[in-house]
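In: sequence and predicted structure below; questions after.
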Amino acid sequence: MTATPVLAGRRALITGAASGIGAAIARAYAEAGAALALADLDAAGLEAVADGLPGGTAVTRHALDVTDDGAVRETVAAAISAHGGLDVLVNGAGILSEVPLVEMDTATWDRMLEVDLRSVFLCCRHTVPHMIEAGGGRVVNIASQLGQKGGEGLTHYSAAKAGVIGFTKALALEVSRHGVLVNAIAPGPIETPLIGGLSAEWKAAKGAELPLGRFGRPEEVAPTAVLLASDPGGNLYTGQTLGPNSGDVML
């Protein structure tokens, strides 16, 4: 007897789905039976990810600037129309750069918070009301362990990801009573295109600090996102920050 995939019947919107952790979550969700709305600025990357999904996956692609309020609203509406609703939102879009505070201009700071924090607010603002109306849903926000412990040369990134963690807790308090469970994943350093903006020196120093002695891989983070979206596996998590981080943060 074949077991029913754990996300069968679930419809998920995943931002940042063209590469890295977002793409890995898309593949894991598809394998778990979910229908997908994939969103990213990188339209070619979205096509490549969608083409690599298991046959029979219901998938739509949405070119999206996650910092644009109107575009986010339209994408959420399009995903709901295409799939008949949304049960899961994964906020995976993000950027990363390494700049010491004393050299950082305000544009760099503002852009980081716009992409890595404002986008989470916008996507939740336009998706969560539909989940409340439907009687429940799951939100998975991709944060970072640097939002918990900080990182040299990464004040802007650490601040944005700490904001995601705080936002997750506050939103969970607001909407859990409506059946909408909101959680965060705070990965450690992961081998993705995102870390291309970090210096070799930074990566070497960070690798030496990790109890596991290595950076993670996107496919090692994705199962946590499956857990949080699943029933019954994710049913008791709300306002939590789970840490697949190679031991960089231990709570």
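Out: Received the coordinates, thanks. The model shown is predicted, which means the values in this text are computed figures rather than measured ones.
In: these two touch, right, residue 210 and residue 246?
Out: Yes: using CB atoms under 8 Å, residue 210 makes contact with residue 246 at a distance of 4.3 Å. C-beta: built from backbone N, CA, C; applies to glycine.
In: more neighbours: the two, which one.
Out: The residue with more neighbours, out of residue 210 and residue 246, is residue 246; 22 against 16, by other CB atoms under 10 Å.
In: quick check, that one in a strand?
Out: No: counting by DSSP: H, G, I helix; E, B strand; the rest coil, residue 246 is not part of a strand but coil.
In: OK, contacts around it?
Out: Residue 246 sits next to 188, 189, 210, 211, 212, 213, 214, 215, 216 when contact means CB atoms under 8 Å, 6 or more residues apart in numbering.
In: and the closest residue in space to the fourth one that isn't next to it in sequence, what are its phi and psi?
Out: Meaning residue 211. Using CB to CB, 6 or more residues apart in numbering and skipping the chain neighbours, the partner closest in space to residue 211 is residue 247 (3.2 Å). Dihedral pair for residue 247: phi 90, psi 10, per degrees, to the nearest 10.
In: and what of residue 69?
Out: Main-chain torsions, residue 69, degrees, to the nearest 10: phi -60, psi -50.
In: same question, the one 3 residues further on
Out: Backbone torsions of residue 72, given as degrees, to the nearest 10, read phi -60, psi -40.
In: test my guess that it contacts residue 64.
Out: Yes: with contact defined as CB under 8 Å, residue 72 reaches residue 64; the gap is 6.9 Å.
In: then the helix or strand of the chain with the lowest mean pLDDT to PDB, C-alphas only?
Out: Counting by mean pLDDT, DSSP states H and E, the weakest-scoring helix or strand in the chain turns out to be helix 200-209, with a mean of 89. Written as PDB, here are the backbone C-alpha positions of helix 200-209 (Å, rounded to 0.1, in the frame of the first residue of the first chain):
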ATOM      1  CA  ALA A 200      36.800  33.400   0.800                       C
ATOM      2  CA  GLU A 201      38.200  34.600   4.100                       C
ATOM      3  CA  TRP A 202      34.800  34.900   5.700                       C
ATOM      4  CA  LYS A 203      33.700  31.500   4.500                       C
ATOM      5  CA  ALA A 204      36.900  29.800   5.700                       C
ATOM      6  CA  ALA A 205      36.600  31.400   9.100                       C
ATOM      7  CA  LYS A 206      32.900  30.400   9.400                       C
ATOM      8  CA  GLY A 207      33.600  26.900   8.300                       C
ATOM      9  CA  ALA A 208      36.200  26.500  11.000                       C
ATOM     10  CA  GLU A 209      33.700  27.600  13.700                       C
END
